[in-house]
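Asker: Provide a 3D model corresponding to the input given below.
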Amino acid sequence: MAELLGLRGVSKVYTRGLTHSHPTVALREISLTLKEDEPTILTVAGESGSGKTTLAMLLLGFISPTMGEILYKGRNITTLTGPERLAYRREVQAVFQDPFAVFNPFYTVDHLLSVPIKRFKLASTRAEARARMEEALNAVGLRPEDVLGRFPHQLSGGQRQRINVARALLLKPRLLIADEPVSMVDASLRATILETLRNLQRDYGVSIIYITHDLTTAYHIAKSIIVLYRGGVMEAGDVDRVIKSPQHPYTQLLVDSIPWPNLEQRWGEQSIMARESTAPPPGACPFMPRCPKAMPICASRPPLFQINPHQAAACYLHERQPQLVAEKLSELLPA
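Answerer: Numbers count the residues shown, from 1 in each chain. All right, here's what the predicted structure looks like:
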């Protein structure tokens, strides 16, 4: 089956200073595959600084990997030029965290939606362009007569974010990068936007990489999940297994911090150490300084261990389980 997207040992290292010293590893050896004929929703979760947004910027082609390669339909995205580059820009779209910052406040919604139509020549007449805009707005649960002709500041945050999704949908993308899309909207609107994303995947065949720090929304929207910490994969697999039975201490702490609607369940039964200002020892597990279950062996970075057919964790607590080759990670993730 053909690949839509493939990451092959992708790492991103930032340096500072004239001598490019003090390297910071934002993403470490990530391998991932999304199938072209199996649209899915994959969550990438982790706290701030875990590498989630760096991954999004890499997938959108805004920055280049330090090592490894990103393939789209078999082609390295850093080498795309001309029509191939334009097709990639059209087929890989983004929905960002702040629904207001992405819009020019001096233009109406009509203009904001018509720009991609003109840029990618999606309509030959004004009537056809109008029909495409109305179709996209209806698809995200907005009435065209309520939003067209209005400025962004005249709309609610939830409306602006759904317009952002509609603008991406106009281009009929194959892949949508949703970076914290509901973190800045009211709780009452989160379910609506999440349902809109699920409809895009189901009805339009769009694969979605949903980036978040919120495991609650991850659980409700995604089929599979990758948990990052300091740029590395801590745990991955079926979202139901990972959330209900986390096998890495970091994932356990993330799940333990969720305020479940159960008065008998304590919130935060395990103490979570604040993130240290210094990096872990070179070559060690990145979570070692904070881990309540750290062992001497953790001074060496653990590989991924396959715990069951749909779950793996990078922790020596599972060293009796078979090691999982990084390139096989995607085989754990349900479509």
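Asker: if I look at the spatially closest residue to Glu134 that is not a sequence neighbour, how far off is Leu176?
Answerer: Computed as C-beta to C-beta, 6 or more residues apart in numbering, the closest residue to Glu134 that is not its neighbour in sequence is Pro144, at 4.4 Å. Yep, even glycine has a C-beta here, placed from its N, CA and C like the rest. Separation of Pro144 from Leu176 (C-beta to C-beta, to the nearest Å): 22 Å.
Asker: neighbour count: these two, which is higher?
Answerer: Neighbour count, other C-beta atoms under 10 Å: between Pro144 and Leu176, Leu176 has more, with 24 against 19.
Asker: what secondary structure does that one sit in?
Answerer: Assigned by DSSP: H, G, I helix; E, B strand; the rest coil, the conformation of Leu176 is strand.
Asker: partner residues bridging it?
Answerer: Taking DSSP bridges as the rule, Leu176 bridges to Gln93, Ile208.
Asker: direction included, what does the helix or strand hosting Val44 pair up with?
Answerer: In the assignment (DSSP states H and E), Val44 maps to strand 41-45. Under the criterion DSSP bridges, strand 41-45 sits next to strand 207-212 (parallel), strand 224-229 (parallel) in its sheet.
Asker: so the residue nearest to Glu134 sits against Leu137, correct?
Answerer: Yes. With contacts counted by C-beta atoms under 8 Å, Pro144 reaches Leu137, the gap being 4.9 Å.
Asker: for the closest residue to Leu169 other than its chain neighbours, helix, strand, or coil?
Answerer: Closest residue to Leu169 apart from its sequence neighbours, by C-beta to C-beta, 6+ apart: Ala136 at 4.8 Å. Secondary structure assignment for Ala136 (three-state DSSP): helix.
Asker: same deal with Arg28?
Answerer: Here Arg28 is strand, with the state taken from three-state DSSP.
Asker: break this structure down into its structural domains.
Answerer: Following automatic domain parsing, one gets these domains for the chain: 3-222, 246-335.
Asker: would you tell me which one of those domains is buried the most?
Answerer: domain 3-222 (a mean of 18; mean count of other C-beta atoms under 10 Å).
Asker: that one - what's its average pLDDT?
Answerer: For domain 3-222, mean pLDDT rounds to 88.
Asker: how about the helices in the protein?
Answerer: Ranges of helices within the chain are 52-59, 82-91, 109-119, 126-139, 144-147, 157-170, 187-204, 215-221, 239-244, 249-256, based on DSSP state H.
Asker: what about the fifth one, distance to the chain center?
Answerer: What it means is helix 144-147. With C-alpha atoms, centre = their mean, to the nearest Å as the basis, helix 144-147 stands 30 Å off its chain's centre.
Asker: perfect, that will be all.
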